[in-house]
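**Student:** the following block contains a protein sequence and its predicted model.
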There are 2 protein chains.
Amino acid sequence: MPLDKPGLRVGVVGATGMVGRELLHVLDKTRLPIRELRPYSSGKTGKTVRFRGKTLAAPSLELEGLRSCDLVFFVSSDEVSKEHAPDLARRGVWVIDDSSAFRLDPKVPLVIPEVNAHALSKDRRLIAGPNCTMTPLAVAGNALHRSACVTEVRLATYQAVSGAGRAALEEFFRQTAGLGRLSAADRAPVLPKLAHSALPRPIACNVIPQVGSFDAAGASGEERKVAAELRKVWDAPRLKVSVTAVRVPVVRGHSMSAWLTFKTPLSPGRARKLLARSPGLVLHAEGDYPTPALVGGKAPVHAGRVRRGATDRELCLWLSFDNLLKGAALNSVQIAEELFRRGWL
Amino acid sequence: MPLDKPGLRVGVVGATGMVGRELLHVLDKTRLPIRELRPYSSGKTGKTVRFRGKTLAAPSLELEGLRSCDLVFFVSSDEVSKEHAPDLARRGVWVIDDSSAFRLDPKVPLVIPEVNAHALSKDRRLIAGPNCTMTPLAVAGNALHRSACVTEVRLATYQAVSGAGRAALEEFFRQTAGLGRLSAADRAPVLPKLAHSALPRPIACNVIPQVGSFDAAGASGEERKVAAELRKVWDAPRLKVSVTAVRVPVVRGHSMSAWLTFKTPLSPGRARKLLARSPGLVLHAEGDYPTPALVGGKAPVHAGRVRRGATDRELCLWLSFDNLLKGAALNSVQIAEELFRRGWL
């Protein structure tokens, strides 16, 4: 931090995107001393953003501007991060990257502050934030894993359309409007085919078990990310993970049904006690549960329906959380706050 | 069947309900020789139904009319089935009951014709059809179970609103209309709270991990049904089953992600071969998959995404199917067709 004037110069690459707008919203309320905010658009130029009551232009990214920042958030594509993030970090700028470009790089810490802040290091200035589906699972399961050692994870997700970006969300809204005035009439209607391009199938009144592209083993990109990143964040290289990632017609808020198998048996009652004191987590009362409509715009991960799974070494639980916040923008800002707390920033 | 005039007298109790209308639609096309159809409403009177081009009145149920039927379908509540179905069966009428009243009664066959037609018996005239979520799973998993013995099942469901009846569907449509003209605007919108009464939470732009009421162990009614009925239909009393049943904003078509653990390892390739020749099942090509929007109004269960699960004794697959057809009305008619084929009807 320069000594002449206190406060941070903070760059945001991808400021006009869906996560970028959320990031600015979270930064609006952060305790980080931001002297200057420099928003950059990685797509169309001419856009503006709002920050602390002011309208700021978001030009194309500009190297000199970025290099004189103390901290730069990347909330754009893997390609943009790959091109610029390592160079900035080498020059001493702290870089918090929300793309998946460096998450599995062994030299890059992949950090969820509540889970593995210990992975941060003063000389590793490029830091990755994990996948938006994996982050809340890692938060919720962390205390259980530390207590009883998770050996297997099975996960079925219910992922909001906003996680696929603005074009997908606009497509969902167009499709919903196109359904017209729905009616049950005499028989439940079989709905018409709807046009789609941003998502691999129509999403209005539908669910799509494909998030990303499939590999030879039949796993989608999202499913691979969740498995690999969870192993890294929990430092559990032999963890067995099977995921079915599914897009659902929800605007905001991912949910999931998670089955966790433990080395040591763990009762639902004991698990509830551990969850109740987990940071960043709200545990719902028995018989209650969160839904995406409840968690939109809220910071914590919400958990409920903690119960025995298929075997006595297994628990099942339900999570809902704002995919744009703890899943992305909020986690990035929390990493920055941790760096600041340590006096590294 | 009376000798004076060929053909069956068929009663339908609950003919004006959501499944009832589908049942009449399926009966319209059946090869069963229906001489007379007698539709009864178990709710409001004064309603009519359409059958083979004619409009028929659906009066309150009337004992003399039912007792002189050869076959009666019950597609109404558990209470209505409990009151009338056993008495009719005792009097020699074939009764096919789609309610959950008798499914777990050891004296009542619980039948999916593709899976356990052998459970039918000439002297057991009260026959139950299983839960709409379990039926397609039992169909899809049957060949795999016979080949490699399923020991554990984990299931996350994506269930359509029509499965909760017409009031829930009308509520979904009202909520969808109430969302107005959605727009992504600058940030993904956090949606307003929506009024609800038929379902335990708003369902438009939301998912609800509750289908039925919770027991002391935290399982919902739907989750208990799936587990208990699958054990009965597969004749696998020690099968371990864990289900998370979730309602999603879909009109028609349930889906599920299923994890099956086998006693004998079973490769995805071998499983695909077994599924490809399973009756009542459409297997999608690798890389393809069914969605609810595709299966609405179609008879077979659709399967895809057959892949290795968390362990080498486990497979994961994705199913979509019309919950009102194979899940309910169609299965009931298929039972009747099997009785007719055997000459018992």
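**Tutor:** Received the coordinates, thanks.
**Student:** tell me the spacing between A:S100 and chain B.
**Tutor:** Distance, A:S100 to chain B, using Cβ to the nearest Cβ, to the nearest Å: 20 Å. The C-beta positions use only the backbone N, C-alpha and C, and glycine is treated the same way.
**Student:** what's downstream of the helix or strand of chain A with the lowest mean pLDDT, the next helix or strand?
**Tutor:** The helix or strand of chain A with the poorest confidence is helix A:166-178; it has a mean of 91 (mean pLDDT, DSSP states H and E). Going down the chain from helix A:166-178, the next helix or strand is helix A:221-233, by DSSP states H and E.
**Student:** is chain B contacted by that next one?
**Tutor:** No - Helix A:221-233 is not in contact with chain B by Cβ under 8 Å from any Cβ of the partner chain; minimum separation 9.4 Å.
**Student:** residues contacting whichever residue of the stretch 1-150 of chain A sits closest to chain B?
**Tutor:** Closest to chain B within the stretch 1-150 of chain A is A:R21: 4.5 Å, counting by Cβ to the nearest Cβ. By Cβ atoms under 8 Å, 6 or more residues apart in numbering or on different chains, the contact set of A:R21 is A:15, A:49, B:186-187.
**Student:** show me what the least confident helix or strand of chain A is in contact with.
**Tutor:** Contacts of helix A:166-178 (Cβ under 8 Å, 6+ apart): A:17-18, A:161-162, A:194-199, A:202-204, A:249, A:251, B:176, B:179, B:181-184, B:188.
**Student:** nearest to B:Q210, of the contacts of A:R21?
**Tutor:** B:R187 (29.4 Å; Cβ to Cβ).
**Student:** just the helices in chain A please.
**Tutor:** Secondary structure of chain A (DSSP state H): helices at A:18-28, A:63-67, A:78-90, A:113-116, A:134-148, A:166-178, A:221-233, A:268-276, A:292-295, A:330-341.
**Student:** quick one: buried residues of the second one?
**Tutor:** What that stands for is helix A:63-67. A:L66 (16 or more other Cβ atoms under 10 Å in any protein chain shown).
**Student:** quick one: contacts of it?
**Tutor:** Against helix A:63-67 from outside (Cβ under 8 Å, 6+ apart): A:11, A:13, A:38, A:40, A:72, A:84, A:88, A:91, A:93.
**Student:** buried members of those residues into ChimeraX, please.
**Tutor:** A single ChimeraX command selects the buried members of these (16+ other Cβ under 10 Å):
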select /A:11,13,38,40,72,84,88,93
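**Student:** in CSV, list the contacts of helix A:63-67 along with distance to A:G269 and pLDDT.
**Tutor:** Below are the contacts of helix A:63-67 laid out as CSV (distance: Cβ to Cβ, whole Å; pLDDT from 0 to 100):
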residue, distance to A:G269, pLDDT
A:G11, 47, 98
A:V13, 46, 97
A:R38, 50, 97
A:Y40, 50, 97
A:V72, 45, 98
A:H84, 49, 97
A:L88, 48, 98
A:R91, 52, 97
A:V93, 48, 98
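**Student:** now, the contacts of helix A:63-67 that are in strands?
**Tutor:** Among the contacts of helix A:63-67, the subset assigned to strands under DSSP state E consists of A:11, A:13, A:38, A:40, A:72.
**Student:** can you put those residues in a markdown table and add distance to chain B?
**Tutor:** Below are these laid out as a markdown table (distance: Cβ to the nearest Cβ, whole Å):
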| residue | distance to chain B |
| --- | --- |
| A:G11 | 20 |
| A:V13 | 18 |
| A:R38 | 19 |
| A:Y40 | 17 |
| A:V72 | 21 |
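**Student:** farthest-separated two in the contacts of helix A:63-67?
**Tutor:** A:Y40 and A:R91 (16.6 Å).
**Student:** worst average pLDDT in the helices of chain A?
**Tutor:** Note on these: helix A:166-178 shows the lowest mean pLDDT, a mean of 91.
**Student:** so for A:W318, which of the helices of chain A sits nearest?
**Tutor:** helix A:134-148 (9.8 Å).
**Student:** how about the contacts made by the closest residue to A:R307 other than its chain neighbours?
**Tutor:** Nearest non-adjacent residue to A:R307, counting by Cβ to Cβ, 6 or more residues apart in numbering or on different chains: B:G218, 3.5 Å away. Contact analysis of B:G218 by Cβ under 8 Å, 6+ apart lists A:268, A:286, A:305-308.
**Student:** what about 7 Å?
**Tutor:** A:286, A:305, A:307 (Cβ atoms under 7 Å, 6 or more residues apart in numbering or on different chains).
**Student:** from A:P268, how far off is the nearest residue to the first one once chain neighbours are set aside?
**Tutor:** Leaving aside its sequence neighbours, A:E286 sits nearest to B:G218 (Cβ to Cβ, 6+ apart; 6.7 Å). According to Cβ to Cβ, to the nearest Å, B:G218 stands 7 Å off from A:P268.
**Student:** need the overlap of contacts for these two.
**Tutor:** With Cβ under 7 Å, 6+ apart, B:G218 and A:P268 have common neighbours A:R307.
**Student:** state the number of residues packed around the residue nearest to A:A276 when sequence neighbours are not counted.
**Tutor:** Spatial nearest neighbour of A:A276, excluding adjacent residues (Cβ to Cβ, 6+ apart): A:L283 at 4.9 Å. The criterion is other Cβ atoms under 10 Å in any protein chain shown. On that basis, A:L283 has 23 neighbouring residues.
**Student:** OK, contacts around A:L283?
**Tutor:** Contacts for A:L283 (Cβ under 7 Å, 6+ apart) come out as A:272, A:275-276, A:303.
**Student:** so what pairs up with it in the strands?
**Tutor:** A:A303 (DSSP bridges).
**Student:** separation between the closest residue to chain B within the stretch 51-200 of chain A and B:V246?
**Tutor:** Closest to chain B within the stretch 51-200 of chain A is A:A156: 3.2 Å, counting by Cβ to the nearest Cβ. With distances taken as Cβ to Cβ, A:A156 is found 9 Å from B:V246.
**Student:** so for the two, which sits in the more crowded spot?
**Tutor:** A count of neighbours by other Cβ under 10 Å puts A:A156 above the other of A:A156 and B:V246, at 28 against 24.
**Student:** now A:G327, nearest residue through space, not along the chain?
**Tutor:** Per Cβ to Cβ, 6+ apart, closest to A:G327 is A:C132, 3.0 Å.
**Student:** what about the one you found, neighbour count?
**Tutor:** As a measure of burial, A:C132 has 27 neighbours, counting by other Cβ under 10 Å.
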